[in-house]
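>>> Generate a structure from the sequence data that follows.
(chains A and B)
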Amino acid sequence: SQQGEEDPQALSIQEGENATMNCSYKTSINNLQWYRQNSGRGLVHLILIRSNEREKHSGRLRVTLDTSKKSSSLLITASRAADTASYFCATGLLGTDKLIFGTGTRLQVFP
Amino acid sequence: NAGVTQTPKFQVLKTGQSMTLQCAQDMNHNSMYWYRQDPGMGLRLIYYSASEGTTDKGEVPNGYNVSRLNKREFSLRLESAAPSQTSVYFCASSTRGSSYNSPLHFGNGTRLTVT
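Numbers count the residues shown, from 1 in each chain, chains lettered A, B, ... in the order given. The predicted model follows:
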């Protein structure tokens, strides 16, 4: 099974609402990263949180990391139709340069 | 500034044929990665190269070989293609490896179908 698993698999909300996605992982990490993928395109890096950090913000994005529970969440505030995409967490495995991706959350934001 | 360039964009192979997927980056990055993406599976790491001259196996290396030709280029070879290798393949690069907290920059992918 995969290192990272995301929940929910799919999420539909209205513009202006907040979207929360969760990621759980199995082994110790250097960092956890979130990426976005628009249909048919490559992934784009959103935010990176190091293993010794608990919370990080970037614009409308807020990421939390709980290493004791091996979990992270991504909050997108005041969502827009343009936020419609798939979102993936990725974990940098401790002691290696491997970056392992989760299964992703498909977010649909209705205007 | 092109970033990460993958060629070809699309390819159809017959079972048993071989081919090489090309990837080049112009950002002077040290680390490069190959992933495959299948529906419902997210991205799975095939091989990566933390620096020029080194390559390491990822989660799903069987059936693939890689060459880090120079700092810019990292190719992925399928010696004898199988239908299970039908997928979208992504190349990515980063300033340094993941252990240095470097984010990845992705290419736009190669869609491969093996019949």
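>>> Any idea which residue of chain B lies closest to chain A?
Proximity of chain B to chain A (CB to the nearest CB) peaks at residue B:97, 2.9 Å away. Every C-beta, even on glycine, is put in place using the N, C-alpha and C of the backbone.
>>> Find the nearest non-adjacent residue to whatever residue of chain A ends up closest to chain B, please.
Closest residue of chain A to chain B, CB to the nearest CB: residue A:97 (2.9 Å). Spatial nearest neighbour of residue A:97, chain neighbours left out: residue B:97 (2.9 Å); criterion: CB to CB, 6 or more residues apart in numbering or on different chains.
>>> again with residue B:4
Nearest to residue B:4 is residue B:107, by CB to CB, 6+ apart, at 3.8 Å.
>>> what's the neighbour count on the one you found?
25 (other CB atoms under 10 Å in any protein chain shown).
>>> cool, residue A:51 as well?
Counted with other CB under 10 Å, residue A:51 comes out at 15.
>>> Got the phi and psi for it?
phi -70, psi -20 (degrees, to the nearest 10).
>>> Pretty sure it sits against residue A:30.
Yes - using CB atoms under 8 Å, residue A:51 makes contact with residue A:30 at a distance of 5.9 Å.
>>> Could you pull out the residues contacting both of these two?
Common neighbours of residue A:51 and residue A:30 are listed as residue A:94 (criterion: CB atoms under 8 Å, 6 or more residues apart in numbering or on different chains).
>>> Which parts of the chain are strands?
I'll assume chain A. Here chain A has its strands, by DSSP state E, at A:5-7, A:10-14, A:19-24, A:29-37, A:43-50, A:55-58, A:61-66, A:71-76, A:85-93, A:99-101, A:105-110.
>>> that's the other chain; I wanted chain B
Going by DSSP E, chain B shows strands at B:4-7, B:10-13, B:19-25, B:31-38, B:42-49, B:56-57, B:64-68, B:74-78, B:87-94, B:105-106, B:110-114.
>>> Looking at the ones you listed, which is nearest to residue A:71?
Shortest separation from residue A:71 across those is recorded for strand B:42-49, at 16.7 Å, computed as CB to CB.
>>> sorry, back to before: can you check the pLDDT for the residue nearest to residue B:4?
As predicted, residue B:107 sits at a pLDDT of 97.
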